[in-house]
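Visitor: 3D model of this:
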Amino acid sequence: MAEINQTPNANRVHIAFFGKRNAGKSSVVNAVTGQKLSIVSDVKGTTTDPVTKAMELLPVGPVMIIDTPGIDDEGLVGELRVKRAQQIINKTDVAVLVVDGSIGKSVDDDRLIGLFKEKSIPYIVVYNKSDLKKPVVLSENEICVSALNGENINELKEKIASLAKSEESEKKIIGDFLNEGDIVVLVTPIDGSAPKGRMILPQVQTIRDILDAGAVCAVTQTEQLAETLATLKQRPRMVVTDSQAFSVVKDIVPESVALTSFSILFANFKGVLKPAAKGALALENLKDGDTVLISEGCTHHRQCEDIGTVKLPNWIRKHTGKNLKFEFTSGGEFPDELSGYSLVVHCGGCMLNEREMRYRQKCAEDQGVPFTNYGTLIAYMNGILKRGAALFPDIFG
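Guide: Predicted structure coming up:
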């Protein structure tokens, strides 16, 4: 199991480098990181796929560095590379546009800047190759550097840091609801889908957040929950359950104890809980023949009782009594066109940063498609959504 004090990739500031082929993106990335992160060559299109690296970048802190293919790549394969680069924008917290300073900005560069502005992404324009030519006038968010001789690389890192700090979130998964000494009980079923020898990321992150708040964490399985509650000398501040166990846990935990799920906590943490709660209600509007998209932010080996592809479709069919169709995506795959779906059901998004989760939710909203997530929908189907999300009363406003 990864060390508990490591910063998860989804919680790191995502800094992505964009630009045309041969602008020197990879050279600038290597100069900024002080590592040979990307292959450098005079041949156009050397970077064929996004290159990502989780690291500590001083003076920023924990970051995810992303080097992207040239935005002007050509041909059928080139178009696919450009699309991959554009998809990276959706998860970018700070954008660095690298321009060949000896040539100047192009239409492609201006188009990228337009996308950054449209998506409210803070950005810096970097004129590389200052050893060959320097722009006469620079605006506040522009800088002239040379990846070859290191000119102004430290200044560029300072600019990146100033934008990254504005993107850092002080939000906590659960810590804002806890006082020192509070007890939180986590219900973590161990079944065929649980990784052998370790816990899933949402559970690990929640445990860390509880400990950071100075609270006490008790971890149990569904079968031992009643006994665990009975042995505690003080009433727990709350119980957090895996969504799949909601139907059993809700009858064990007294109404006087707050009850929620990892998925609901993460929906709030990723900024999509309010639309997720609203989207769950759309379950009642589904009709025979409608298609539901179930999307996961990570990729994993499917088990025979996989929640996304097996359990959720069965629960939704049982609740609605409708003959529905289901489609599935995972990892970085998420359709641009959603109008053919009647509902999007997303996982908790523990592997995705907040910006990408908000992007996916906004895509659905803009196309008039209800959006919800696993835990929120399961709580609704069990008749306890208001109880499960009572920590966040504003979502029902």
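Visitor: please count neighbours and contacts with C-alpha atoms only from this point.
Guide: Will do.
Visitor: show me the shaky parts of the stretch 101-250 of the chain.
Guide: By pLDDT under 70, the low-scoring segments of the stretch 101-250 of the chain are 135-137, 166-170, 191-198.
Visitor: can you map out the helices along it?
Guide: 107-118, 153-167, 201-212, 225-231, 246-252 (DSSP state H, counting those that start in this stretch).
Visitor: quick one: closest of those to Gly368.
Guide: helix 107-118 (19.8 Å; CA to CA).
Visitor: buried ones in that closest one, by neighbour count?
Guide: Within helix 107-118, the residues that qualify as buried by neighbour count (16 or more other CA atoms under 10 Å) are Asp109, Leu112, Ile113, Phe116.
Visitor: give the contact list for the first one.
Guide: Right, Asp109. The contact partners of Asp109, by CA atoms under 8 Å, 6 or more residues apart in numbering, come to Gly19, Lys20, Leu97, Val99.
Visitor: just flag the most distant two among these.
Guide: Across the contacts of Asp109, the longest distance by CA to CA is 9.1 Å; it joins Lys20 and Leu97.
Visitor: and the helices in the stretch 251-397 of the chain, which stretches?
Guide: Using DSSP H, counting those that start in this stretch, helices in the stretch 251-397 of the chain cover 262-269, 273-281, 312-320, 354-366, 374-381, 385-388.
Visitor: got the angle for the second one vs helix 374-381?
Guide: For helix 273-281 against helix 374-381, the angle by axes from the mean of the first three to the mean of the last three CA atoms, to 10 degrees is 50 degrees.
Visitor: average model confidence for helix 273-281?
Guide: Across helix 273-281, the average pLDDT comes to 95.
Visitor: can you give me the neighbour number for the closest residue to Phe17 other than its chain neighbours?
Guide: The shortest distance from Phe17 to any non-neighbouring residue, by CA to CA, 6 or more residues apart in numbering, is to Val96 (4.7 Å). Using other CA atoms under 10 Å, Val96 has 25 other residues around it.
Visitor: do the same with the one 5 residues further on
Guide: A total of 22 residues lie near Gly101 under the criterion other CA under 10 Å.
Visitor: ok, now which ones touch it?
Guide: Tyr127, Asn128, Lys129, Ser130, Leu132, Lys133, Lys134, Pro135, Cys144.
Visitor: now do the second one against Asn314, distance only.
Guide: When CA to CA, to the nearest Å is applied, the distance between Asn128 and Asn314 equals 55 Å.
Visitor: more neighbours: which of the two?
Guide: Neighbour count, other CA under 10 Å: between Asn128 and Asn314, Asn128 has more, with 29 against 12.
Visitor: I figured that one was touching Glu142, is that so?
Guide: No. Under the criterion of CA atoms under 8 Å, Asn128 makes no contact with Glu142, lying 10.8 Å away.
Visitor: export the helices of the stretch 251-397 of the chain to a markdown table and tack on distance to Val219?
Guide: A markdown table is the format used below for the helices of the stretch 251-397 of the chain (distance: least, CA to CA, whole Å):
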| stretch | distance to Val219 |
| --- | --- |
| helix 262-269 | 13 |
| helix 273-281 | 25 |
| helix 312-320 | 25 |
| helix 354-366 | 27 |
| helix 374-381 | 19 |
| helix 385-388 | 19 |
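Visitor: to Leu156, which of those helices lies closest?
Guide: Nearest of the helices of the stretch 251-397 of the chain (CA to CA): helix 354-366, 23.2 Å.
Visitor: ok so, going back, most neighbours, which of the contacts of Gly101?
Guide: Of these, with other CA under 10 Å as the count, Asn128 tops at 29 neighbours.
Visitor: can you tell me which residues contact it?
Guide: So, once contact is read as CA under 8 Å, 6+ apart, Asn128 ends up touching Ala23, Gly24, Val28, Val98, Val99, Asp100, Gly101, Ser102, Cys144, Val145, Ser146, Ala147.
Visitor: please repeat the previous calculation with a cut-off of 7 Å.
Guide: Gly24, Val98, Val99, Asp100, Gly101, Cys144, Val145, Ser146, Ala147 (CA atoms under 7 Å, 6 or more residues apart in numbering).
Visitor: just the ones of those residues in strands?
Guide: Val98, Val99, Asp100, Cys144 (DSSP state E).
Visitor: which strand residues bridge the nearest residue to the second one once chain neighbours are set aside?
Guide: Spelled out, that is Val99. Closest residue to Val99 apart from its sequence neighbours, by CA to CA, 6+ apart: Tyr127 at 4.9 Å. Following DSSP bridges, Tyr127 is listed with bridge partners Val99, Cys144.
Visitor: who's in contact with stretch 56-75?
Guide: So stretch 56-75 is in contact with 7, 9, 12-21, 26, 33, 45, 47-55, 79, 81-82, 85, 108, 161, 164, going by CA under 7 Å, 6+ apart.
Visitor: off-centre distance for it?
Guide: Centroid separation between stretch 56-75 and its chain, computed with CA atoms, centre = their mean, to the nearest Å, is 17 Å.
Visitor: which of the residues in it are buried?
Guide: Applying 16+ other CA under 10 Å to stretch 56-75 flags 57, 60, 62-73 as buried.
Visitor: so which of these comes closest to Ile174?
Guide: Ile174 lies nearest to Pro62 out of those, by CA to CA, at 21.0 Å.
Visitor: now do the helix or strand hosting that closest one against helix 153-167, angle only.
Guide: Assigned by DSSP states H and E, Pro62 belongs to strand 61-67. Taking the same axes, to 10 degrees, one finds strand 61-67 and helix 153-167 inclined to each other by 110 degrees.
Visitor: pLDDT of strand 61-67, averaged?
Guide: 89.
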